[in-house]
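A.B. asks: Okay, sequence plus prediction incoming.
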Amino acid sequence: MSYPRIDLDGALIAITGAARGIGLATATAFVEAGAYVALGDLDEALAVQAAAELGDRAMGHALDVSDKSSYATFLDAVTQWRGPLDVLVNNAGVMPNGPFLDQSDRIDQLTMDVNVYGVIHGMRLALPGMVERGRGHVVNVASLAGKFPLKGLAVYNASKFAVVGLTAATRLEMDGTGVSVSTVLPSAVRTELSSGIDVGILPTVEPEDIAAAVVRTVETRAAETAVPGYVGVLANASGLVPEAVMRAVRKLAHDDAAIARVDDNVRRVYLNRIEKQ
């Protein structure tokens, strides 16, 4: 597929969950590429502060992605600031961990509301204008957990499987409109999201690695980009491996890290924050 080119110099980008972690690293990378970037985050003060530190090419705004009206208000503010939106990055997400039978209905609902409905709301609000203009790009930050399930992250896995499927289907529906929809699938990222979990030999990456992959999709318009790439290949191939063999590999890789290899004191800081949402 070919798409109308988006020149990042002067382009308008909106990023959710942008006050910290992957979102902030992505905002920084886009600003460095010459774009104007709107940082949306539930923590408005932190988003405004982060934008101020990035300079006059950035703005910060309150955003609760689980609330469609809040998302609409954010995008309205973005277009009033700089005009039509070129790129939307659905990055906001939460990752509660623990045995499936121990997790609460409220946290399950929060996970789906933020990780899945946040993406749905963003695309439903941003895509119509992009289609009307015949150009635009949406990047949904999912996870390799959306291809390779892990113990202790059952509902998180479900949410990311949903984002992978949602992105793929929406991308097909956008054929011929000039608008592309891509997903980026990180391995474990060294951010607060995975704090306190010892992932053992599983590959870890920096937020800047994911940011670079997100920015790169504006040029490549690739359907899926795994970070690191080889882990994406392994995740796709895992379904072809006999279950008994795969279980042995999983044990070696400590796929129970989100249950059995957790520093509860460190992890509790993150869980307390998201449980207040």
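C.D. replies: That came in fine, so what should we check first? Numbers count the residues shown, from 1 in each chain.
A.B. asks: For residue 225, give the beta-bridge partners.
C.D. replies: residue 184 (DSSP bridges).
A.B. asks: What residues does it make contact with?
C.D. replies: 182-185, 213, 216-217, 232 (C-beta atoms under 8 Å, 6 or more residues apart in numbering). C-beta: built from backbone N, CA, C; applies to glycine.
A.B. asks: How about residue 262?
C.D. replies: Counted by C-beta under 8 Å, 6+ apart, residue 262 has contacts 97, 196-198.
A.B. asks: with those residues in mind, which one is nearest to residue 112?
C.D. replies: The closest of those to residue 112 turns out to be residue 97 (C-beta to C-beta; 15.5 Å).
A.B. asks: Find the nearest non-adjacent residue to that closest one, please.
C.D. replies: residue 258 (4.1 Å; C-beta to C-beta, 6 or more residues apart in numbering).
A.B. asks: And residue 100, by the same measure?
C.D. replies: residue 154 (4.1 Å).
A.B. asks: Report the contact partners of the residue nearest to residue 97.
C.D. replies: 97-98, 150-153, 197.
A.B. asks: Look at it and give its secondary structure.
C.D. replies: helix (DSSP: H, G, I helix; E, B strand; the rest coil).
A.B. asks: Show the pLDDT at residue 99.
C.D. replies: Looking at residue 99, its pLDDT is 96.
A.B. asks: so what pLDDT did residue 201 get?
C.D. replies: At residue 201, pLDDT is 64.
A.B. asks: Start at 41, not 1
C.D. replies: Noted, 41 is the first residue going forward, which turns the last one into residue 241.
A.B. asks: pull the CA atoms of stretch 189-200 into PDB?
C.D. replies: The C-alpha coordinates for stretch 189-200 follow below in PDB (Å, rounded to 0.1, in the frame of the first residue of the first chain):
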ATOM      1  CA  PRO A 189       0.300 -14.500  26.800                       C
ATOM      2  CA  LEU A 190       2.000 -14.400  30.200                       C
ATOM      3  CA  LYS A 191       1.000 -15.700  33.600                       C
ATOM      4  CA  GLY A 192      -0.200 -12.900  36.000                       C
ATOM      5  CA  LEU A 193      -1.300 -10.600  33.200                       C
ATOM      6  CA  ALA A 194      -4.400 -12.400  31.900                       C
ATOM      7  CA  VAL A 195      -6.700  -9.300  31.500                       C
ATOM      8  CA  TYR A 196      -3.800  -7.100  30.400                       C
ATOM      9  CA  ASN A 197      -3.000  -9.800  27.800                       C
ATOM     10  CA  ALA A 198      -6.700  -9.800  26.700                       C
ATOM     11  CA  SER A 199      -6.700  -6.100  26.300                       C
ATOM     12  CA  LYS A 200      -3.600  -6.100  24.100                       C
END
